[in-house]
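# only geometry, no sequence info:
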């Protein structure tokens, strides 16, 4: 470890700073000025593709790793009731059979690693469906049930089964969400009225097992149907414990099942956050003004073939949007945690613009570190006027500062699929100077972690390999070694009587830094 005085550390940083733009950004916080508890909506929920994928060993390994690093507490996925989970059939004699063995194996695993289900009830078992319309390679049936009473009974039996298996106290901590994006024809072959009927039967079935269980919807695309959902529930006295919807940062369409459309990252600075704020206003104006709001899908793009998801730009994008939304929603569930995701079938390329924070081989994308760094912050947020940073302190007195630059770099007249597949060097943005005041005198360790261009940036390294469709074992190891999230620098600093620590850093477009100041081992602060 390099040992320096604060003055020496500052001088060394100043000498290596980029002065290209001549700009100076200052973040100045006092460790005694606590604004409140750190908002943890960022890791309340994470998405996954479909339930059956959760039975794979590699999927499970990746989830355990990201649970450890990012602290996600719930997971939501499609296809829990689809045929590949084997939940329902009718035999030749017309007798109904229910089978929850696959679901048990999945949920037992989730709970064993400390992840709870955000239950999405869908799609329709084919033996219960009114039609044959399906979506995705794995053929999730999107038609209404032939008999809504039987749909309700399936939901009731499954909820009762969970209650018996895990206990009412545990299941009462879960969320139950009915269906996925029923406002899109691809996901729901019925009308809005038919969706509400589907919801009513499911909600009443869940509440018949325990009034304490939480149920909501409509899980729509594009922040839609929230006023209509609340009005329907109020008018018909249907249980509604939360509302949910989705949003993405591109401005055209909502469903691109096979990733065949070019997409354009929106320039609007209020992308994502405008939808969240709109929904909160709608809820406030409704008959249920305190209703919780959950965004159960969000990302920069709605297609699993968009290289924004792989690019270093995505880490700063995530942090910018989460900062903008604040605590307006009770969760912001990033879609999804892994590229083990087969809506259009198994993917043949190692990096293909998949939604995941990790690729199929478990290589961590820059986006992964947005969540890992957030999870590395303390539990109390400090007062801070900088719009692109979060400063915290924890109960032990350790101080954390997460800062970033978000710059929209996509040129006009080019789409994501043409632009983000390139090696895109980041331009200098000047300096950022972080000043911490009110620090107790003593010896501390300062750890600095970074994500950005060629910093925990496996995708740019992959482009440097020639973007091979398939990776060798050696190449996987090389890329994983370049994306660990470990601090790039650790130094020991001595804080004097003025209680001030100053750190200067060079800043480039879409850089992300995490600074952690903690008491040096064996040398406690006075």
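Good, I have the coordinates. As the structure is a prediction and not an experimental result, all values here were calculated from the model. Numbers count the residues shown, from 1 in each chain.

# Count residues in the vicinity of residue 407, would you?
If you count neighbours by other Cβ atoms under 10 Å, residue 407 ends up with 16. In this view, the C-beta of every residue, glycine as well, is placed from N, C-alpha and C.

# A strand includes it, no?
No - Residue 407: not assigned to a strand; according to DSSP: H, G, I helix; E, B strand; the rest coil it is coil.

# burial measure for residue 381, as a count.
Residue 381 has 19 nearby residues by other Cβ under 10 Å.

# quick check, it in a strand?
Yes - counting by three-state DSSP, residue 381 falls inside a strand.

# Check the gap between it and residue 488 for me.
Computed as Cβ to Cβ, to the nearest Å, the residue 381 to residue 488 distance reads 25 Å.

# ditto for residue 234
In terms of Cβ to Cβ, residue 234 sits 54 Å off from residue 488.

# How about residue 511?
For residue 511 relative to residue 488 (Cβ to Cβ), the value is 12 Å.

# Any chance you could list residues touching both of those two?
Common neighbours of residue 511 and residue 488 (criterion: Cβ atoms under 8 Å, 6 or more residues apart in numbering): 450, 455.

# more neighbours, these two?
residue 511 (25 against 13).

# Please name the nearest non-neighbouring residue to residue 241.
Excluding its sequence neighbours, the residue lying closest to residue 241 (Cβ to Cβ, 6 or more residues apart in numbering) is residue 214, at 4.2 Å.

# I'd say the one you found and residue 239 touch.
No - in this structure, residue 214 is not within contact of residue 239 by Cβ atoms under 8 Å, at 9.0 Å.

# Which neighbours do these two have in common?
By Cβ under 8 Å, 6+ apart, no residue touches both residue 214 and residue 239.

# I'd assumed residue 447 was in a strand, is it?
Yes - the assignment for residue 447 (three-state DSSP) places it in a strand.

# Tell me how many other residues surround it.
17.

# who's in contact with it?
Taking Cβ under 8 Å, 6+ apart as the contact definition, residue 447 lies against 487, 489, 490, 514, 515, 516, 518.

# and the two most separated of those residues?
Using Cβ to Cβ, the pair of these lying farthest apart is 489 and 518, separated by 14.1 Å.

# how does this protein divide into domains?
Domain assignment of the chain by automatic domain parsing yields the ranges 2-38+382-519, 41-375.

# tell me, which of the ones you listed is the model least confident about?
Mean pLDDT is lowest for domain 2-38+382-519 among the domains of the chain, at a mean of 89.

# rewinding a little: now which of the contacts of residue 447 would you call buried?
Buried residues within these, counting neighbours by 16 or more other Cβ atoms under 10 Å: 487, 514, 515, 516, 518.

# Name the nearest of those residues relative to residue 193.
residue 514 (49.0 Å).

# Spit out the contact partners of that closest one.
373, 376, 377, 400, 401, 402, 447, 448, 449, 450.

# who wins for most neighbours among the residues you listed?
residue 373 (28 neighbours).

# and the gap between the nearest residue to it once chain neighbours are set aside and residue 362?
The shortest distance from residue 373 to any non-neighbouring residue, by Cβ to Cβ, 6+ apart, is to residue 514 (4.1 Å). As for residue 514, its distance to residue 362 is 22 Å (criterion: Cβ to Cβ).

# my guess is residue 166 meets residue 112, correct?
No - using Cβ under 8 Å as the test, residue 166 is too far from residue 112 to be in contact (11.7 Å).

# Those two: which is more packed in?
Between residue 166 and residue 112, counted using other Cβ under 10 Å, the more crowded position is residue 166 (18 against 10).

# wait, what's in contact with the residue nearest in space to the middle of the chain?
Compute the mean C-alpha point of the chain, and by Cα atoms, centre = their mean the closest residue is residue 334, 2.4 Å away. The contact partners of residue 334, taken as Cβ under 8 Å, 6+ apart, are 46, 47, 298, 299, 318, 357, 367, 371.

# Could you save the residues you listed as CSV and add columns showing neighbour count and distance to residue 503?
Converted to CSV, those look like this (neighbours: other Cβ atoms under 10 Å; distance: Cβ to Cβ, whole Å):
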residue, neighbour count, distance to residue 503
46, 29, 31
47, 26, 35
298, 25, 32
299, 27, 32
318, 28, 23
357, 29, 28
367, 30, 25
371, 24, 23
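
# With distance to residue 432 added, can I get these in a markdown table?
Listed next are these as a markdown table, based on distance: Cβ to Cβ, whole Å:
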| residue | distance to residue 432 |
| --- | --- |
| 46 | 29 |
| 47 | 32 |
| 298 | 27 |
| 299 | 27 |
| 318 | 19 |
| 357 | 25 |
| 367 | 21 |
| 371 | 21 |
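
# which ones among these are found in strands?
46, 47, 298, 299 (DSSP state E).

# Now do the SS call for residue 84.
helix.

# Report the separation between it and residue 382.
48 Å.

# Give the residue from the two that has the larger number of neighbours.
residue 382 (23 against 15).

# Test my guess that residue 321 contacts residue 249.
Yes - between residue 321 and residue 249 there is a contact at 7.4 Å, judged by Cβ under 8 Å.

# can you list contacts of the helix or strand harbouring residue 61?
Secondary structure assignment for residue 61, by DSSP states H and E: helix 57-70. Residues outside helix 57-70 that contact it (Cβ under 8 Å, 6+ apart): 43, 46, 48, 53-54, 72, 75, 109-110, 113-115, 337-338, 340, 357-358, 360, 362, 368, 371-372, 374-375, 485.

# Out of those, which end up buried?
43, 46, 48, 53-54, 72, 75, 109-110, 115, 337-338, 340, 357-358, 360, 362, 368, 371-372, 374-375, 485.

# if we can go back for a sec, secondary structure for the contacts of residue 447 - can I get that in JSON lines?
Putting the contacts of residue 447 into JSON lines (three-state DSSP) gives the following:
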{"residue": "487", "secondary structure": "coil"}
{"residue": "489", "secondary structure": "strand"}
{"residue": "490", "secondary structure": "strand"}
{"residue": "514", "secondary structure": "strand"}
{"residue": "515", "secondary structure": "strand"}
{"residue": "516", "secondary structure": "strand"}
{"residue": "518", "secondary structure": "strand"}
